[in-house]
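K.L.:
I'll drop the sequence and a predicted model, then ask my questions.
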Amino acid sequence: MNIKRTKQEIKDTIEAYLMKDAYGMYEILPIRQRPILLLGSPGIGKTQIMEQISRECGIGLVAYTITHHTRQSAIGLPFISKKQYGEQEFAVTEYTMSEIVAAVYEKMEQTGLSEGILFLDEINCVSETLAPAMLQFLQCKSFGNHKIPQGWVIVAAGNPPEYNKSVREFDVVTMDRVKKIEVEADFEVWKEYAYQQGLHGSVISYLNTRKQNFYQMETTVDGRNFATPRGWEDLSNMIQVYEKLGKMVDREVVVQYIQFPKIAKDFANYLELYEKYRTDYQIEEILKGNLDGILLKKVAHAAFDERLSVLGLLVSRVNEALKASVQTEHYIEMLFDILSEYKELTQTISGNLDGQQLLENAYNKFNLNYIKRKKAELIGREEDKVYCRVLESLERFRQVLKLEDIQEAENAFVRVKGLFEQERDGYEQQQQEALQIVEHVFDFLEGAFGNSQEMVIFITELNSNSYNVSFLQGCECERYYRYNRELLFDEKRRNILERMG
């Protein structure tokens, strides 16, 4: 099962486990809510999807790598207590609360979320002394004497034996009490995630042409060589930061993340050419609509890998522009909702509150909600940027009212409305500029390749990015829809021929 289907399967399971009847009782009794056991090779994104699921479901998340724990931290420390049985008192051994169970209660206390996910990674790599506690955990949903609170779904993850010498197999009794999902690496699914996260264009472009290098494991006499999705993502982040610092990423840097020397060397060479093509083909000029006839002929007759690299550079810049526009749209919508509520307050004001005070109240209310959601880890990085941008604008609006000494409620709203309209005008201009970039890339592709496989690849890559799809659905880009229809028609025709053949 690929990681996308795995994510949906876990979400569906959580929805089923947390469903309650008319009396507030769980439809599936907690004792019958099988822990989910994810088995898959390392680095394919098991941990990342848990973070995404908790945010999308609006529930808490407590995550541990269980190999970092000892028996004492997992099940608690023993202590002697006194208990009365009949007329005689006995010394009885009890245990303090497990650090893991305590972390669940602490998360509930901090966030106010009564339901969530307890995620334990590398669960089949625990020490000899901790193994019995892990079996008890999977079978009984408890550590020592302390149960996991109701409403918390247990998800555990482990690697197959071929990837880790420390792996121990669970017995049939345990496996018969879990919901096992085997996860496999899938480049096309990962690519959607990569576009969503804004990974560096060179990484996506390289893997588009060398999909076999996306995930590789090889055992040699010198040890194990490997390239994983986690490695590609971390390398991408480093490339992006190095670019901002004006530093170069060479083979020595690449091999620190892609620990497969042959692949690392190949990507380092590709990255060098990728940067060279950025200059040689004047990518920024293409985006402005300045096409050079000589360069059009050059790229049309270039080797296939070179054409794909140029296409990758263009796709990357289109992705950046459209993503920025969609994020600004989210910012405008969020700001509009706040100011709509502010408008109602200024029109129904009573007492001594003035427009400045009302705007400050709106700011504080939004900020408190932001802090609460961030503390509960319900906000992803991109959404966090939107929240921060809204807070910056509200603070700027407050300062304008203060500097211009506008206190009367209705006058304050009129001034704030004018400031908001400036933001909206800026968004509309950004949207038009982003659309122009798309049109200019179409001009380049038609001038260099016509209606060819490069155009098919470009449309396919546009459709692989949810930000692009969201942007283009709200814009009038005739060529995108025309080529998209042709692409869908060709796919249907190929499917029909394959069935007939």
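P.N.:
Received the coordinates, thanks.
K.L.:
show me what the helix or strand encompassing Gln72 is packed up against.
P.N.:
Assigned by DSSP states H and E, Gln72 falls within helix 71-75. Other helices and strands packing on helix 71-75, by 3 or more CB pairs under 8 Å, 6 or more residues apart in numbering; DSSP states H and E, are helix 99-111, helix 131-140. C-beta here means a position set from N, CA and C on the backbone, and glycine is covered the same way.
K.L.:
switch the cut-off to 7 Å
P.N.:
When contacts are defined as 3 or more CB pairs under 7 Å, 6 or more residues apart in numbering; DSSP states H and E, helix 71-75 sits against helix 131-140.
K.L.:
go through the helix it packs on and flag the buried ones.
P.N.:
Judged by neighbour count using 16 or more other CB atoms under 10 Å, the buried positions of helix 131-140 are Ala133, Met134, Leu135, Gln136, Phe137, Leu138.
K.L.:
how about those in JSON lines, adding pLDDT and distance to Gln357?
P.N.:
Below are the buried residues of helix 131-140 laid out as JSON lines (pLDDT from 0 to 100; distance: CB to CB, whole Å):
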{"residue": "Ala133", "pLDDT": "79", "distance to Gln357": "56"}
{"residue": "Met134", "pLDDT": "80", "distance to Gln357": "56"}
{"residue": "Leu135", "pLDDT": "81", "distance to Gln357": "60"}
{"residue": "Gln136", "pLDDT": "80", "distance to Gln357": "57"}
{"residue": "Phe137", "pLDDT": "83", "distance to Gln357": "53"}
{"residue": "Leu138", "pLDDT": "81", "distance to Gln357": "55"}
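K.L.:
ranges for the helices of the stretch 201-350 of the chain?
P.N.:
Using DSSP state H, counting those that start in this stretch, the helices of the stretch 201-350 of the chain run over 201-209, 229-245, 251-254, 261-280, 283-287, 293-300, 304-347.
K.L.:
these: which one's closest to Ile457?
P.N.:
When these are compared by CB to CB, helix 304-347 sits nearest Ile457, at 6.1 Å.
K.L.:
tilt between that closest one and helix 261-280?
P.N.:
Here helix 304-347 runs at an angle of 70 degrees relative to helix 261-280 (axes from the mean of the first three to the mean of the last three CA atoms, to 10 degrees).
K.L.:
on that earlier part again, just put the helices of the stretch 201-350 of the chain in CSV and tack on distance to Leu359.
P.N.:
As requested, the helices of the stretch 201-350 of the chain are exported to CSV (distance: least, CB to CB, whole Å):
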stretch, distance to Leu359
helix 201-209, 41
helix 229-245, 35
helix 251-254, 48
helix 261-280, 45
helix 283-287, 39
helix 293-300, 52
helix 304-347, 6
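K.L.:
buried set for the helix or strand hosting Ala16?
P.N.:
If you go by DSSP H and E, Ala16 is part of helix 3-17. The neighbour-count check on helix 3-17 (16+ other CB under 10 Å) flags Ile3, Lys4, Thr6, Lys7, Glu9, Ile10, Thr13, Ile14, Tyr17 as buried.
K.L.:
closest to Thr348 among those?
P.N.:
Ile14 (41.1 Å).
K.L.:
now the spatially closest residue to that closest one that is not a sequence neighbour, what's its secondary structure?
P.N.:
Leaving aside its sequence neighbours, Ile14 sits nearest to Val153 (CB to CB, 6 or more residues apart in numbering; 5.3 Å). Assigned with DSSP: H, G, I helix; E, B strand; the rest coil, Val153 falls in the strand class.
K.L.:
I figured Val153 hits Val104, correct?
P.N.:
No. In this structure Val153 lies outside contact range of Val104 using CB atoms under 7 Å: 11.2 Å.
K.L.:
comparing these two, which residue is more hemmed in?
P.N.:
Taking other CB atoms under 10 Å, Val153 and Val104 do not tie; Val153 has more neighbours (25 against 20).
K.L.:
separation between the more buried one and Gln282?
P.N.:
53 Å (CB to CB, to the nearest Å).
K.L.:
ok and the helix holding Ala16 relative to helix 229-245, angle-wise?
P.N.:
Here helix 3-17 runs at 110 degrees with respect to helix 229-245, directions being taken by the same axes, to 10 degrees.
K.L.:
tell me which other helices or strands helix 3-17 touches.
P.N.:
Applying 3+ CB pairs under 7 Å, 6+ apart, one finds that helix 3-17 contacts strand 36-40, helix 46-57, strand 152-158, strand 179-183, helix 187-197.
K.L.:
tell me the angle it makes with strand 36-40.
P.N.:
Going by the same axes, to 10 degrees, helix 3-17 makes 170 degrees with strand 36-40.
K.L.:
residues in contact with helix 3-17?
P.N.:
For helix 3-17, the surrounding residues in contact (CB atoms under 7 Å, 6 or more residues apart in numbering) are 28, 33, 36, 38, 44-45, 49, 52-53, 57, 153, 155, 179, 181, 183, 186, 189-190.
K.L.:
and stretch 175-192, by the same measure?
P.N.:
By CB under 7 Å, 6+ apart, stretch 175-192 touches 1-4, 6, 9, 13, 34-41, 44, 46, 138-139, 204, 207, 211, 214-215, 229, 464.
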